[in-house]
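Enquirer: Structure, please.
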Amino acid sequence: MTTSSYNEFGWRDAQPMFYHKLLGKYIERLLPTDGSPILDVGCGNGYFANYLAGKGYCVYGIDASEQGIAIANRMKGGGNSNRFFVCDVTSGELPPELRGIPFKTVISMEVIEHLYQPRAFVLFIRSILEASGGGQFIVTTPYHGYLKNLTIALANKMDYHLSALWEGGHIKFWSRRTLAILLREAGYHHLVFTGAGRIPYLWRHMVFSARV
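Expert: Modelled structure (predicted):
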């Protein structure tokens, strides 16, 4: 997520990723209905943010990918053009255009598993919400737990799952426990966990909602 060392993801179009449809419904259930601004951190090509904008939400997005941000601004979902900005989250600062906007909700979909410094990331999110008097952080990431990891190992799929040959791939493999520890250490409270996809304890992803 840093612009200094960031390698472009390779966004080519505005099409959704496989996880957008799976996770979108879980995130929508948690969103405010009062029209308050929402920030999508790590918005990629802007698909989900523009989808929400088309449903009437006030959404902005940031990402390290210049290609992704260019695509996001071209989509113009619900008049949402020019609400997406390139941002190095390790700087600890929002782009000037977004400073002062009272974000009461921050979402981050399938980002934290790619980060070398997840603690700095969640602290950055906390600072955004604190500047608005508090609010909600919704974060998703692939789920890992004992039964799922055992199943993957028994199926001889560990090499594929850990994806060591994937350039720019996942470098953190979060469990419900480790992600909860990260959020609590960073000062979040009222954590709510939801497993998404497949059957319980073999979930494909997880959704955490936490408050500041």
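Enquirer: Excluding its own residues, what touches stretch 18-28? List them.
Expert: By Cβ atoms under 8 Å, 6 or more residues apart in numbering, the residues outside stretch 18-28 that reach it are 47-48, 51-52, 107, 109-110, 138, 140, 194, 196-197, 204-205, 207. For every residue, glycine as well, the C-beta is placed using N, CA and C.
Enquirer: List the buried residues of it.
Expert: Going by neighbour count (16 or more other Cβ atoms under 10 Å), the buried part of stretch 18-28 is 19-20, 23-24, 26-27.
Enquirer: How about stretch 171-185?
Expert: 172, 174-176, 179-180, 182-183.
Enquirer: For this protein, give the helix that spans the most residues.
Expert: helix 118-131 (DSSP state H).
Enquirer: quick one on the thing from earlier: in TSV, list the buried residues of stretch 18-28 along with pLDDT and secondary structure.
Expert: What follows is the buried residues of stretch 18-28, written out as TSV (pLDDT from 0 to 100; DSSP: H, G, I helix; E, B strand; the rest coil):
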residue	pLDDT	secondary structure
Tyr19	91	helix
His20	91	helix
Leu23	96	helix
Gly24	94	helix
Tyr26	96	helix
Ile27	97	helix
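Enquirer: Tell me the residue in the protein that is farthest from the middle.
Expert: In terms of distance from the mean C-alpha position of the chain, Leu154 ranks first, at 30.1 Å (Cα atoms, centre = their mean).
Enquirer: returning to that earlier point: could you pick out the one among the contacts of stretch 18-28 with the lowest pLDDT?
Expert: Across the set of the contacts of stretch 18-28, Gly197 stands lowest in pLDDT, at 91.
Enquirer: and that one, how many neighbours?
Expert: Counted with other Cβ atoms under 10 Å, residues neighbouring Gly197 total 15.
Enquirer: tell me the centre residue of this protein?
Expert: Compute the mean C-alpha point of the chain, and by Cα atoms, centre = their mean the closest residue is Ser108, 1.8 Å away.
Enquirer: before we move on, back to that, now list the buried members of the contacts of stretch 18-28.
Expert: For those, buried by 16+ other Cβ under 10 Å: 47-48, 51-52, 107, 109-110, 138, 140, 194, 196, 204-205, 207.
Enquirer: List the ones among these that fall in helices.
Expert: 47-48, 51-52.
Enquirer: Same list (those residues) but as a markdown table, adding distance to Ala120.
Expert: Converted to a markdown table, these look like this (distance: Cβ to Cβ, whole Å):
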| residue | distance to Ala120 |
| --- | --- |
| Tyr47 | 26 |
| Phe48 | 23 |
| Tyr51 | 28 |
| Leu52 | 26 |
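Enquirer: residues of the longest helix of the chain that come out buried?
Expert: Within helix 118-131, the residues scored as buried using 16+ other Cβ under 10 Å are 118, 121-122, 124-126, 128-129.
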